[in-house]
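Undergrad: Predicted model, plus sequence, below.
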Amino acid sequence: QVQLVESGGGLVQAGGSLRLSCAASGRTFSSYAMGWFRQPPGKEREFVAAISWDAIITRYADSVKGRFTISRDNAKNTVYLQMNSLKPEDTAVYLCARGSSSYGTPTSIAGFSSWGQGTQVTVSS
């Protein structure tokens, strides 16, 4: 069973940047797509970004396109989310997730089977 641990969250002013990391245990990390989701206070979990197992394909929510970048280092079993030009509406708990299968780059919650506990990102205005 894979374990995912996020880090890098915190408090930042609007316009600032943060880099989230998600470290995965297990030997199968490089075989699966990985994704980032977020859950704003009082709202449902929503897709942020995803990356294919070989990092060739990336997908983004419209709300973060051009500001966030997802990447991965399979040698380190780690996926990253670089967040620039942060806005107050980006405030949320950010969770990383591993894809359910070795195929495709999903963008829905149903496409992911393992989840981290999340890291809080707060953007002040």
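TA: Structure received.
Undergrad: I'd guess residue 15 is in a helix, am I close?
TA: No - assigned with DSSP: H, G, I helix; E, B strand; the rest coil, residue 15 falls outside any helix and is coil.
Undergrad: shouldn't it be in contact with residue 85?
TA: Yes - the pair residue 15 and residue 85 passes the contact test of CB atoms under 8 Å, sitting 6.2 Å apart. In short, each C-beta sits where N, CA and C put it, glycine included.
Undergrad: tell me the phi and psi of the residue nearest to residue 117 when sequence neighbours are not counted?
TA: The spatially closest residue to residue 117, leaving aside those adjacent along the chain, is residue 6, at 6.9 Å (CB to CB, 6 or more residues apart in numbering). Torsion angles at residue 6 (phi, psi; degrees, to the nearest 10) stand at phi -90, psi 150.
Undergrad: Please look at residue 6 and residue 22 and confirm they touch.
TA: Yes - using CB under 8 Å, residue 6 and residue 22 qualify as a contacting pair, with a distance of 5.0 Å.
Undergrad: any shared contact partners between these two?
TA: Shared contacts of residue 6 and residue 22 (CB atoms under 8 Å, 6 or more residues apart in numbering): 96, 116.
Undergrad: quick one: which of the two has more around it?
TA: For the pair residue 6 and residue 22, the greater number of neighbours falls to residue 22 (25 against 22), based on other CB atoms under 10 Å.
Undergrad: for the record, mean pLDDT for the host helix or strand of the more buried one?
TA: Element membership for residue 22, per DSSP states H and E: strand 18-24. The average of the pLDDT scores along strand 18-24 is 97.
Undergrad: Please apply the same query to stretch 106-117.
TA: Per-residue confidence for stretch 106-117 averages out to 95 on the pLDDT scale.
Undergrad: What's the end-to-end length of that stretch?
TA: In stretch 106-117, first residue to last residue: 20 Å (CA to CA, to the nearest Å).
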